[in-house]
Every structure is written in structure tokens, then in C-alpha cells.
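A.B. asks: Predicted coordinates and the sequence they were generated for:
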Amino acid sequence: MSQPTSPPEITKLSELSPHQRRSGIAAWLGWLFDGLDMHIYTLVATPFVAALLMHDGLMPDPKDVDTKASIIQAAFLVGWALGGGFFGRLGDVLGRSRTLVLTILFYAGFTGLSAFCTEWWHLLICRFLSALGIGGEWAVGASLLSETWPKKWRPWIAATLQTAVNMGVLLACAAGATFAWIVSQGWMTEAMSHRIVFLVGILPALITLWIRKAVPETEEWSAAATKRKPPQIRELFGPQVASTTWRVLVICAVSLTAHWAFMFWQQSLIRALPEVKALPGIEQTRAVVEALVWIMSGSILGNYVAGFLAKIWGYRFAIVIMLLGYAAAMLTAFHSVSAWTHEQMLIWYAVIGLCQGVFGLFTMCLPPLFPTLLRTTGAGFCYNIGRIVAAIGTVVFKLYVPVGDYHQALYLAGWLFIPAAAIALLLPEEKEEAA
């Protein structure tokens, strides 16, 4: 009796099935709007929090503004971590497609509500709740593509998904620049623009109607779900998976602490540079937008550099190289307050952005390390729980340096990438994915 032949290997985009194409578009759009809603706050954090803390027309203490702004960002990162675990679990129980819709509705709705905050703690709650959806969308989108697209494409899939986040951040920059122009025309006050920009974050909710109709559940999840119930979350620390869980947890926690210290405090450093500090408020916001564009432009290139390294040497060593590059870039860029001009700092921001391609590798590297019905739970929990540590780091690195000395905070954070790279050497790897 002849053996059944396996389906031919897919080598071109034109050979993808309609299901694979729709899954790819859905995941890419979800990540695109992740980036948009993720970074709207960082563009206006300092002036918006200052406005919320203002009473009787008196400007608040800059140190108080920095502290409250960092606490809000910390709450966002904690929400991101918890959302990765919570919605990751739903993704294993309800399926990838339905959970993807829920995560997008969650982060879009609460980002929009941020526009109506009247106290700083109102903003904290909205950012925390929107982060639940953003963290969940990462886990679900990554599992959706790892189960539907060809395995040999994973490094490029990871790069393309991460690029969607970068382009979402560029959309946030475009929104910030647009509102800055509107203010310059006298059509809106600067304070009002800091609120209205959050309403842009509602846009992702519109794509959920299409996803719910056009994107079915993956065959891999459907087949596994008919055979057994999803494992309990505690099985992440069971004998078969625990070693993987702990290694991934530690590397994500350490690297994300340093990464998010940079991503949040970089905008304050730009505002504090002498050339920028002398500018009017709206011009300072434009400078912050420009800096973020440099970071994201470097990051888009870095995603594919990381994917190329992964194809040659495998995920593990690609991650090590990119983390060491991130450390070198941050330690060089921030070793001195007066080392670089504004224009030179923008170039360093692009280099740092290139090194951020490392996080695109986690997208396709982590989900396959876990069993199918524990996949979005495991990847979402391990990757996103590191953000709780990152949340603490975002506050701590700034509280223990002098007010306004953002160089020192970012310099200290940069050292964390070195132990993260050492730990990455212990990261498991799918050998067949290396080439």
C-alpha cells in the first residue's frame, strides 16, 4: 500500500491559502494598532500629566510630574503582563480568532477613554485596562501565525509582525504631528490636543468586525481542543515545561526592564536637551515625535537584521547578538550628559532602534516552545510577565537619579542587557528552525 504524500512545501506568498492570508492580515493589523495605542501616551506623557496635576492654575513640581508619569507607565506595563496571561488563557480555551477580537476591542476602547480623564489616577486606570488588551493581543496573534504559516518562514514572519508594531508607532507619531500642526494653526489649544489624540486609538475597533467574520480558528487549535481540555496554568511549572518557563521568564524580565526604561524616558531626555528645552511647548512635542520616528525607522530595519541572523545561526544566538548590541548602543549613547548634540542623539536613537529587532524574534521563537493547548498561555505569560519587573524598573531607574538626569537613568538601564544576553544562551531552540 502506498504511503500518503505530504502536501508540497509552500515557497511563495501566492501559494498561501485564503485562511493563511486572512490570518496573516488579522495578526498584522492587530499588531499595527498595538503600536498605535501603545505609544500615544509616551508622546504627550509629560505635558498631559502636568495638566492633570495642575490645580488653581499653579504648575506642579517637575519631580511630581515625572513620578506620576512613570507610575502610570508602570501600571501600563503591569496591565500588559496580566493581559498576556489572562487573554493568553482565553486564547487556549476560546480559540485564537475570537480572543483576538476581544483583545483589540479592549485596548481600543480604553485608549479612547483616556481622552476624558480629569485626574492622573483616571489616566492610570485607563492605561492599565488598555494594556490588558495589548498584552493579550501579542500572545494570541503570535500563536495564530505560528499555527497557520510555514515554519521555515518564522524569522521573517516575526520581523514582519514586529514591523507592524513599529508602523503603528509611526501612526502615533503622525497623529502627534498632525495635532501639533492643528495647534500651530490656532484651531485647537495645546492642552486640548493632548486629550484628543487619544481618540485616534479607537480606530482599531473597526477591524474586529472583519476579523470575526473572515478569520476562522486554526486547524491545529481546533484539532487539539477536540481531544482534550486545555491544561491548567499551573502546568507551566510542571516537570515537562518548568525549565523552559523559568528561562523564558528571566530573560524577558531582564531585557524588557531595560527596554521599557528607554522607551519611556527617552522622550523626557529629548525634552531636557538644551536645544529642545529652549523651544516652545508644541515644538518640544514635535522633537519628541521626530525622535520616536528615528527609533522606529531603525527598529524596522533591525527586525529584518534579526530575522537574517536567526536564519543563519538560529534564534538563540541571534537574540544574544542583538541584546549585546542593545547594551553597547545604550552605554555609548548615555554615558555622559554632554557627549552628544540633539542631532547626534537622534542617530544613536536609530541605532538603538535597530537593536530592538531582538524582540521580534521572541514572537515566533516562544510559542512553539510550549504544547499547543498551553501555547498562548505560556508565550503570553512568560513574555508579558517580564513587564511587571519592567514596570518597577521604569520607576526605580528614574527615582534614584537626580531630577532631569535622564542620561544616568538610561545608562544604568543599559547594563541590564549584558546579563540578559548571558541568560539567553540558555534559551531552548527548535533546531529545525535554525536554517
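C.D. replies: Yes, it's here.
A.B. asks: roughly how far apart are L209 and W265?
C.D. replies: To W265, L209 is 38 Å away according to CB to CB, to the nearest Å. The way it works is simple: take the backbone N, C-alpha and C, and place the C-beta from them, glycine included.
A.B. asks: These two - which one has more neighbours?
C.D. replies: With neighbours defined as other CB atoms under 10 Å, L209 and W265 compare such that W265 has more, 27 against 10.
A.B. asks: What residues sit buried inside the helix or strand that one falls within?
C.D. replies: Assigned by DSSP states H and E, W265 belongs to helix 242-272. Of all the residues in helix 242-272, those buried under the rule 16 or more other CB atoms under 10 Å are 244-245, 247-272.
A.B. asks: burial count for the residue nearest to W120 when sequence neighbours are not counted?
C.D. replies: Distances taken as CB to CB, 6 or more residues apart in numbering place L52 nearest to W120, at 4.5 Å, with adjacent residues excluded. The number of residues packed near L52 is 21, by other CB under 10 Å.
A.B. asks: correct me, but L52 touches S114?
C.D. replies: No. Counting by CB atoms under 8 Å, S114 is not a contact partner of L52; they are 10.8 Å apart.
A.B. asks: So, low pLDDT: which residues of the stretch 251-400 of the chain?
C.D. replies: Flagging of the stretch 251-400 of the chain using pLDDT under 70 yields the residue ranges 372-373, 384-387, 394-400.
A.B. asks: where do the strands sit along it?
C.D. replies: Using DSSP state E, counting those that start in this stretch, no strands are found in the stretch 251-400 of the chain.
A.B. asks: Need the pLDDT of F417.
C.D. replies: With respect to pLDDT, F417 scores 95.
A.B. asks: so who does the spatially closest residue to it that is not a sequence neighbour touch?
C.D. replies: Spatially, and ignoring its direct neighbours in sequence, F417 is nearest to A327 (3.6 Å; CB to CB, 6+ apart). Contact partners of A327, counting by CB atoms under 8 Å, 6 or more residues apart in numbering, are 414-418, 421.
A.B. asks: out of the residues you listed, which are buried?
C.D. replies: Buried members of the contacts of A327, counted by 16+ other CB under 10 Å: 414, 416-418, 421.
A.B. asks: possible to save these as a markdown table with distance to A164?
C.D. replies: Shown next, in a markdown table, are the buried ones among the contacts of A327 (distance: CB to CB, whole Å):
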| residue | distance to A164 |
| --- | --- |
| G414 | 27 |
| L416 | 26 |
| F417 | 24 |
| I418 | 29 |
| A421 | 26 |
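A.B. asks: just checking, which of the residues you listed belong to helices?
C.D. replies: With DSSP state H as the criterion, helices contain 414, 417-418, 421 from among the buried ones among the contacts of A327.
A.B. asks: Just name whatever secondary elements the helix or strand that contains W80 is in contact with.
C.D. replies: Element membership of W80, judged by DSSP H and E, is helix 62-94. Counting contacts by 3 or more CB pairs under 8 Å, 6 or more residues apart in numbering; DSSP states H and E, helix 62-94 packs against helix 18-53, helix 96-113, helix 120-146, helix 242-272, helix 375-399.
A.B. asks: how about a markdown table for the ones you listed, with distance to A175 added?
C.D. replies: Shown next, in a markdown table, are the helices and strands packed on helix 62-94 (distance: least, CB to CB, whole Å):
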| stretch | distance to A175 |
| --- | --- |
| helix 18-53 | 7 |
| helix 96-113 | 11 |
| helix 120-146 | 16 |
| helix 242-272 | 15 |
| helix 375-399 | 23 |
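A.B. asks: between those, which gets nearest to G186?
C.D. replies: Nearest to G186, of all the helices and strands packed on helix 62-94, is helix 18-53, at 18.2 Å by CB to CB.
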